[in-house]
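# The following comprises the amino acid sequence and a computationally predicted model.
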Amino acid sequence: MAGRMMWRAFGRGLRDLLDNLLPMTVASLAWWGTLLLIVTAPAGTLALFTFTDPNRLSEHLRPTTAELKARLRQEFGQAWLLVIVFGLPIVALVSNLTVYGGRWRSFGVLTVLWVLLLLLTLAAAGIACSLRAVHGYGYGQAVRAAIVGTLAHTTRLLPVLILLWVIVATSGLLVVPAVMFVPALVALVFNHMTYALLGMTVADPLDPTAERAAEQARSAGSKYSVN
């Protein structure tokens, strides 16, 4: 059941990207801008997660430019805590894979372990960003909840994470998708997965509104009623 929820979260993230391609492209390009400045990258990442909140994708609910600027100012210094907690282990694991990953005979088992740890660390980082940016968790609470949630659902998360990072790697080779779409896609998928882990419902834009559902019910009743 939970495994299907993770796949559903991935599918919803991909669909949300395609349904909101223009704003998501703008958001991705803006994120690259914060990354180029380096010091604004962590806060820019949280702003991207805020913008890609699945429950705020409708135009009238979407975060405004003023709100996103306020988020950047608010998280400017504190967001570096996430870089320290998750970024340093990620750098260490990538370094190990770069230096020793090719020596399969000597480091075969360790290489597999490093890849798994890298995927799980990236997952915990993404979930922590979502918990902070979308759900308002404090930094310590977000880190603890992300690590516990990732470890508790490792077998359910891993297949989805592998597919997601294969898409990221493939897009990186093509350059244009990596620049225009991938940052928003990653944030959308992690936001959906975090909602699923929290057991919270994400509104489906394809579902009829309450007014539309009531109208359909009235129409169905009048169609089969006998005068």
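Thanks, I have the structure now. Numbering: from 1, shown residues only.

# give the contact list for the spatially most central residue of the chain.
When the chain is reduced to its mean C-alpha position, the nearest residue by CA atoms, centre = their mean turns out to be Phe190, at 2.4 Å. Counting by CB atoms under 8 Å, 6 or more residues apart in numbering, Phe190 touches 13, 49, 123, 126-127, 129-130. Glycine gets a C-beta too; all of them are placed from N, C-alpha and C.

# who wins for neighbours among those residues?
Taking other CB atoms under 10 Å as the neighbour criterion, Ser130 ranks highest of the contacts of Phe190 with 28 neighbours.

# any idea which element that residue lies in?
Secondary structure from DSSP states H and E places Ser130 in helix 104-133.

# Which strands or helices does that helix pack on?
Under the contact definition 3 or more CB pairs under 8 Å, 6 or more residues apart in numbering; DSSP states H and E, helix 104-133 sits against helix 41-51, helix 80-82, helix 88-100, helix 139-152, helix 154-174, helix 182-198.

# Include distance to Ala66 and mean pLDDT when you put those helices into a markdown table, please.
As requested, the helices and strands packed on helix 104-133 are arranged in a markdown table below (distance: least, CB to CB, whole Å; pLDDT from 0 to 100):
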| stretch | distance to Ala66 | mean pLDDT |
| --- | --- | --- |
| helix 41-51 | 12 | 96 |
| helix 80-82 | 24 | 95 |
| helix 88-100 | 32 | 89 |
| helix 139-152 | 24 | 96 |
| helix 154-174 | 31 | 90 |
| helix 182-198 | 20 | 96 |
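
# can you list those helices in TSV and add distance to Leu35?
Below are these laid out as TSV (distance: least, CB to CB, whole Å):
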stretch	distance to Leu35
helix 41-51	5
helix 80-82	14
helix 88-100	15
helix 139-152	20
helix 154-174	14
helix 182-198	9
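
# before we move on, the earlier item: I'd like the mean pLDDT over the helix holding Ser130, please.
If you average the pLDDT over helix 104-133, you get 89.

# Okay, buried residues for it please.
Across helix 104-133, burial judged by 16 or more other CB atoms under 10 Å covers 107, 111, 114, 118-133.

# What distance separates the opening and closing residues of stretch 168-180?
From its first residue to its last, stretch 168-180 covers 12 Å (CA to CA, to the nearest Å).
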